[in-house]
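Asker: below: sequence and its predicted model.
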Amino acid sequence: MEQIYEQVERNIDNLVINQVGWSNTATAEQLESARNGILLIPFYDKLVPQEWFGNTAGKRVLCLAGAGGLQGPIFAAAGARVTVVDLSDKMLEKDREIAKREKLP
């Protein structure tokens, strides 16, 4: 079973290395909107409806297989306490980089 996880991690890491579109990090506009309480989280070619999230300030958010520097940083910028879990170190590194740059917890 461990080999499956390792293969998945390698596959995802390769997608990051090749800069697949869905592994893009949050934009300055998305982070600024989140700081103002508006979460602009894309899902393919649409935005996830704002009413799905409500007010996330102060809430705990768990992002499973959610690294990549997009959802976690947006929720953190909106004031949520975020934990991100992912098999891919490269995807997690993207979250760490944007969190450091934007001073997000």
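Answerer: All right, it came through fine. Residues are numbered from 1 along each chain as shown.

Asker: surely Ala77 touches Ala34?
Answerer: Yes. In this structure, Ala77 is within contact of Ala34 by CB atoms under 8 Å, at 3.8 Å. To be clear about C-beta, it is placed using only N, CA and C from the backbone, and glycine gets the same treatment.

Asker: give the residues shared as contacts by those two.
Answerer: By CB atoms under 8 Å, 6 or more residues apart in numbering, Ala77 and Ala34 have these common neighbours: Ala26.

Asker: quick one: contacts of the longest helix anywhere in the chain?
Answerer: The residue-count maximum for a helix in the chain (DSSP state H) belongs to helix 2-17. Helix 2-17 is contacted from outside by 23, 68, 86-91, 94, using CB under 8 Å, 6+ apart.

Asker: count residues in the vicinity of Glu32, would you?
Answerer: When neighbours are counted by other CB atoms under 10 Å, Glu32 registers 13.

Asker: how much space between it and Thr83?
Answerer: 23 Å (CB to CB, to the nearest Å).

Asker: cool, Phe75 as well?
Answerer: Distance from Phe75 to Thr83, by CB to CB: 10 Å.

Asker: please report phi then psi for Leu70.
Answerer: phi -110, psi -80 (degrees, to the nearest 10).

Asker: contacts only, for Asp86.
Answerer: 12, 63-68, 92.

Asker: who wins on neighbours among those?
Answerer: Gly68 (28 neighbours).

Asker: now do that one, the pLDDT please.
Answerer: pLDDT, Gly68: 87.

Asker: do the one 10 residues further on as well
Answerer: In this prediction, Ala78 carries a pLDDT score of 97.

Asker: with Leu62 instead?
Answerer: Looking at Leu62, the pLDDT reads 96.

Asker: what do you get for Met1?
Answerer: On the pLDDT scale, Met1 is placed at 62.

Asker: still on that earlier bit, could I get the longest helix of the chain in PDB with only the CA atoms?
Answerer: Taking Å, rounded to 0.1, in the frame of the first residue of the first chain, the C-alpha atoms of helix 2-17 are listed here in PDB:
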ATOM      1  CA  GLU A   2       2.900   2.400   0.800                       C
ATOM      2  CA  GLN A   3       4.000   2.100  -2.900                       C
ATOM      3  CA  ILE A   4       0.700   3.500  -4.000                       C
ATOM      4  CA  TYR A   5       1.100   6.600  -1.900                       C
ATOM      5  CA  GLU A   6       4.600   7.100  -3.100                       C
ATOM      6  CA  GLN A   7       3.500   6.800  -6.700                       C
ATOM      7  CA  VAL A   8       0.700   9.300  -6.200                       C
ATOM      8  CA  GLU A   9       3.100  11.700  -4.500                       C
ATOM      9  CA  ARG A  10       5.500  11.400  -7.500                       C
ATOM     10  CA  ASN A  11       2.600  12.000  -9.900                       C
ATOM     11  CA  ILE A  12       1.400  15.100  -8.100                       C
ATOM     12  CA  ASP A  13       5.000  16.400  -7.700                       C
ATOM     13  CA  ASN A  14       5.400  16.100 -11.500                       C
ATOM     14  CA  LEU A  15       2.300  18.000 -12.100                       C
ATOM     15  CA  VAL A  16       3.600  20.800  -9.900                       C
ATOM     16  CA  ILE A  17       7.000  20.700 -11.700                       C
END
